[in-house]
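Peer 1: sequence? don't have it. structure:
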């Protein structure tokens, strides 16, 4: 099947089986290295990518489902102002995730604070239930996300977007 999509700002066209998971498409066919394959069943949460700006587990997304969509991996996301706010928020809260889950937790945080810069602890913990890494206590995750949300809110109030 011919699949066209945008990957990190570049148009891509692949001829691939439609049921190949996005995770495999990215790591084997597109050379993406920021994704940490783990369980391939949606349990570890270390394969999060942004699909049309929504964080999704790439191991659960079939290739046919990305036709015409924009995929952003951590390689690209880590170069944005959105990421800088998240990193700064977690640093200020003394809650940096480990190197194994850092990319996925950053993408999950982006998904949360993009729609609501003042998320409630329950919303944060629900979203983070997608990532099984226990490197941070839940209260530290909440603090990091809320601090990142505060920084994002300040930028929005001052009219600077991305």
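Peer 2: Sure, I can see it. Source: prediction; values computed, not measured. Residues are numbered from 1 along each chain as shown.
Peer 1: OK, contacts around the closest residue to residue 156 other than its chain neighbours?
Peer 2: Spatially, and ignoring its direct neighbours in sequence, residue 156 is nearest to residue 117 (6.8 Å; C-beta to C-beta, 6 or more residues apart in numbering). (Glycine included, C-beta is placed from N, CA and C.) Contact analysis of residue 117 by C-beta atoms under 8 Å, 6 or more residues apart in numbering lists 149-150, 152-153, 156.
Peer 1: just residue 92 next, same as before
Peer 2: Contacts of residue 92 by C-beta under 8 Å, 6+ apart are residue 147.
Peer 1: How far does stretch 89-98 sit from its chain's centre?
Peer 2: 16 Å (C-alpha atoms, centre = their mean, to the nearest Å).
Peer 1: In it, which residues are buried?
Peer 2: Neighbour-count burial for stretch 89-98 flags 89-90, 93, 95, 97 (criterion: 16 or more other C-beta atoms under 10 Å).
Peer 1: Helices of the protein, residue ranges please.
Peer 2: Using DSSP state H, the helices of the chain run over 22-24, 74-77, 81-92, 102-115, 121-128, 138-157.
Peer 1: Using TSV, lay out the ones you listed together with distance to residue 2 and mean pLDDT.
Peer 2: Converted to TSV, the helices of the chain look like this (distance: least, C-beta to C-beta, whole Å; pLDDT from 0 to 100):
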stretch	distance to residue 2	mean pLDDT
helix 22-24	16	92
helix 74-77	23	96
helix 81-92	32	97
helix 102-115	27	95
helix 121-128	34	96
helix 138-157	38	95
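Peer 1: Stretch 145-158: how far from the chain's middle?
Peer 2: 18 Å.
Peer 1: hang on, I meant stretch 7-25
Peer 2: Distance of stretch 7-25 from the chain centroid (C-alpha atoms, centre = their mean) equals 17 Å.
Peer 1: Please apply the same query to stretch 26-41.
Peer 2: Distance of stretch 26-41 from the chain centroid (C-alpha atoms, centre = their mean) equals 13 Å.
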